[in-house]
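what's the 3D shape of this:
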Amino acid sequence: MRYAAKVDANQGEIVKALRDIGCTVQSLAPVGGGVPDLLVGYHGVNYLLEVKDGSRPPSERGLTPHQEKFHASWRGQKTVVTSREEALAAVGVNVSWLPR
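Predicted coordinates for the structure are as follows:
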């Protein structure tokens, strides 16, 4: 059974920040099955980012059972991010210059 893709409230801000530094970003949210939300390309490297809303309580930011299964079985890179700063750091950008 397929469910509608759910996108976290901060995903748009994260995608914008990544694109602003020159990343290509493809949403994988419609794929489902625990696959991370974003495929990001930067300087010839691909990154899988699972976006969680950092404004939500920690109990609501955990991986779903499908996501846990995917993360446990995926042999490549994958990162959970809750903010634009974490997303930029995940692709190797020094975020010390960002305004707080």
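
so who does the residue nearest to residue 89 when sequence neighbours are not counted touch?
Among residues not flanking residue 89 along the chain, residue 95 sits closest, at 5.4 Å (Cβ to Cβ, 6 or more residues apart in numbering). Yep, even glycine has a C-beta here, placed from its N, CA and C like the rest. With contact taken as Cβ atoms under 8 Å, 6 or more residues apart in numbering, residue 95 is in contact with 85, 88-89.

let's see that with 10 Å instead.
Counting by Cβ atoms under 10 Å, 6 or more residues apart in numbering, residue 95 makes contact with 17, 83-89.

and of those residues, the nearest to residue 63?
residue 86 (15.2 Å; Cβ to Cβ).

other SSEs contacting whichever strand or helix holds that closest one?
With secondary structure defined by DSSP states H and E, residue 86 is part of helix 84-90. On a contact count with 3 or more Cβ pairs under 10 Å, 6 or more residues apart in numbering; DSSP states H and E, helix 84-90 meets helix 11-20, strand 38-42, strand 45-51, strand 79-81.

for this structure, give me the ranges with low pLDDT.
1-5, 97-100 (pLDDT under 70).

picking that back up, please tabulate the contacts of residue 95 in TSV and include neighbour count and distance to residue 26 as additional columns.
As requested, the contacts of residue 95 are arranged in TSV below (neighbours: other Cβ atoms under 10 Å; distance: Cβ to Cβ, whole Å):
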residue	neighbour count	distance to residue 26
17	19	16
83	18	20
84	19	18
85	17	21
86	17	19
87	28	14
88	21	17
89	16	20
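
got those residues as TSV, with distance to residue 73 columns?
TSV is the format used below for the contacts of residue 95 (distance: Cβ to Cβ, whole Å):
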residue	distance to residue 73
17	29
83	26
84	28
85	28
86	23
87	23
88	27
89	25
